[in-house]
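Chemist: could you look at this predicted model? Sequence included:
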Amino acid sequence: MSNNHTCTVCQKSFDSEKALHIHESKKHPSKQAQDLQNLLQKFDEEASKVEDLQDRKEQLEDELEKQRSRTEELASTVEELREQKKGLEDSLSEKEDRIGELEDDLEKEQDAERELEKELSDKKSTINRLKDERDSLESSLADTENLINKFETQIDDMDDKL
Ligand SMILES: [Zn+2]
C-alpha cells in the first residue's frame, strides 16, 4: 500500500487521488470551496489578461488603419503633385517652343534690316555720285554759256564794223 496522496489540512494519507478528494469533500468542505474560489479567481485574472490583450490588439488595428489611411492620403497627394509637375513641364515646353519661334523671327527681321541698311547705303552713294556728275555738268554748262556770250559779243562787234 502506497500513501502518496496526503491531505494538506489534516495530513492524513490516502492511496489514491480519488480517495483524497472524497475525504476533502466530506471532512473539509470549506477547503474545497476555497480551492474552487481560487481557481475561479485565476480564471478571472486570465480572462482579464485576455481582455487587455484584445484591447491592445484593437488599438494596434486602429493605429494600423490610421497609418493605411495616411499612406493613401500621401499617395493621393503625390499623384496630384505629379500631375501638377506634368502640367508645369508642358507649359515650360510650350514657352520654350514660343521663345525659339520668336528668336527665329527676330533673326529674320535683323537680316532684313541689315539688307535694307545696305540698300540705303548703296542709294546714298549713288545719289552722291549723281550729284557730283550734275555739279560737273553745271560747271561745264556755265563755261559753255560764257563762251557763247563771248562769241556773240564778237559777232555783234563784227556786225557793227560791217
Ligand atoms: Zn483531512
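Modeler: Alright, I've got the coordinates.

Chemist: tell me which element Leu81 is part of?
Modeler: For Leu81, the host element (DSSP states H and E) is helix 29-161.

Chemist: nearest spatial neighbour of Lys27, skipping sequence neighbours?
Modeler: Once flanking residues are discounted, Lys27 sits nearest to Cys10: 7.0 Å by C-beta to C-beta, 6 or more residues apart in numbering. No exception for glycine: its C-beta is placed from N, CA and C like everyone else's.

Chemist: quick one: that neighbour and His28, what's the gap?
Modeler: To His28, Cys10 is 7 Å away according to C-beta to C-beta, to the nearest Å.

Chemist: of the two, who's got more company?
Modeler: His28 (16 against 11; other C-beta atoms under 10 Å).

Chemist: got a pLDDT number for the more buried one?
Modeler: At His28, the model reports a pLDDT of 91.

Chemist: for the residue sitting nearest the centre point of the chain, which residues are in contact?
Modeler: Centroid check for the chain by C-alpha atoms, centre = their mean gives Lys85 as the closest residue, at 4.0 Å. Contact analysis of Lys85 by C-beta atoms under 8 Å, 6 or more residues apart in numbering lists nothing.

Chemist: work out the gap between stretch 136-147 and the centre of the chain.
Modeler: Stretch 136-147 sits 85 Å away from the centroid of its parent chain (C-alpha atoms, centre = their mean, to the nearest Å).
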